[in-house]
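> can you look at this prediction? I've put the sequence above it.
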Amino acid sequence: PSLTGTNFTLTVAAGALNNLSGAEVVACSSSFTVDNVPPVVQSTSPLAGQIVGTGAREISLTFNENMREFSISVDQLELREVTTNTVLAIDEFNFNDATRTLTVTMDSLDEGNYTLTLRSGATGIKDEIGNSLDGNADGTSGDDYVLRFGVDSGATTVVSGLQPESPLGSLIYAAAITRV
């Protein structure tokens, strides 16, 4: 059975144990929670399969839980142009612990089909407890996460008129975003 999310308390009564020099240990108690749920990528920008314009580009990925920041390095990231099978150097990346967002910045992306892969496994990206990334979100850690997107010089993002959302007067508006 899974013990994930279960709270445990370990209590040692006074005199129940002796230390290495033979003296009785004083009473103590400690609580902990078991976490073996792997982290997943919760949202991305661009969206999977989205086509964006050429030029400088930021790719953002947000995780569903706190991450072990030092496990995220350029060694765990790979940007590949799929048609030519060319691996591109990542110009810059940043992880914001407060928002759990990884941002990969490219100075320029030409037209093409791309994948951004986040590595999982023993030396890959992990949550703060040490659980490896679950790239395909099937509940089992150890899978790489792959974001597929395209770049097209004719792609332009257009935001049409804003439409008020309920309740009216709430200053909440929705925009329809389309590719032209």
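Received it, and whenever you're ready, just let me know what you need.
> going forward, measure contacts between C-alpha atoms and count neighbours the same way
Fine.
> how far away is the nearest residue to residue 131 once chain neighbours are set aside from residue 19?
Among residues not flanking residue 131 along the chain, residue 38 sits closest, at 5.2 Å (Cα to Cα, 6 or more residues apart in numbering). When distance is defined by Cα to Cα, to the nearest Å, residue 38 is 37 Å away from residue 19.
> so which of the two has more stuff around it?
Set side by side, residue 38 and residue 19 show more neighbours around residue 38, with 22 against 10, by other Cα atoms under 10 Å.
> the more buried one reaches residue 136, doesn't it?
No - if you go by Cα atoms under 8 Å, residue 38 and residue 136 don't touch, sitting 10.8 Å apart.
> how close does the residue lying closest to residue 61 once chain neighbours are set aside sit to residue 18?
The shortest distance from residue 61 to any non-neighbouring residue, by Cα to Cα, 6+ apart, is to residue 44 (4.5 Å). Taking Cα to Cα as the measure, residue 44 falls 53 Å from residue 18.
> pick out whichever of those two has more residues nearby.
residue 44 (16 against 12).
> pLDDT wise, what is the more buried one at?
Residue 44 is assigned 95 on the pLDDT scale.
> residue contacts, the most far-flung residue of the chain relative to its centre?
Centroid-distance maximum for the chain: residue 22 at 48.6 Å, with Cα atoms, centre = their mean. If you count contacts by Cα atoms under 8 Å, 6 or more residues apart in numbering, residue 22 has none.
> so it, which of the three states?
On the three-state scheme (DSSP: H, G, I helix; E, B strand; the rest coil), residue 22 is labelled coil.
> again with residue 70
Per three-state DSSP, the secondary structure class of residue 70 is helix.
> gap between it and residue 16?
40 Å.
> could you count how many residues lie near the closest residue to residue 128 other than its chain neighbours?
Nearest residue to residue 128 in three dimensions, chain neighbours excluded: residue 68, at 4.2 Å (Cα to Cα, 6+ apart). Neighbour count of residue 68, defined by other Cα under 10 Å: 16.
> same question, residue 48
Around residue 48 sit 14 other residues, with neighbours defined as other Cα under 10 Å.
> check the one 3 residues further on too.
Other residues lying near residue 51 total 23 when counted by other Cα under 10 Å.
> I'd like to know how far the most centrally placed residue in the chain sits from residue 46.
By Cα atoms, centre = their mean, the chain has its centre lying nearest to residue 63, at 3.0 Å. With distances taken as Cα to Cα, residue 63 is found 15 Å from residue 46.
> all set now, cheers.
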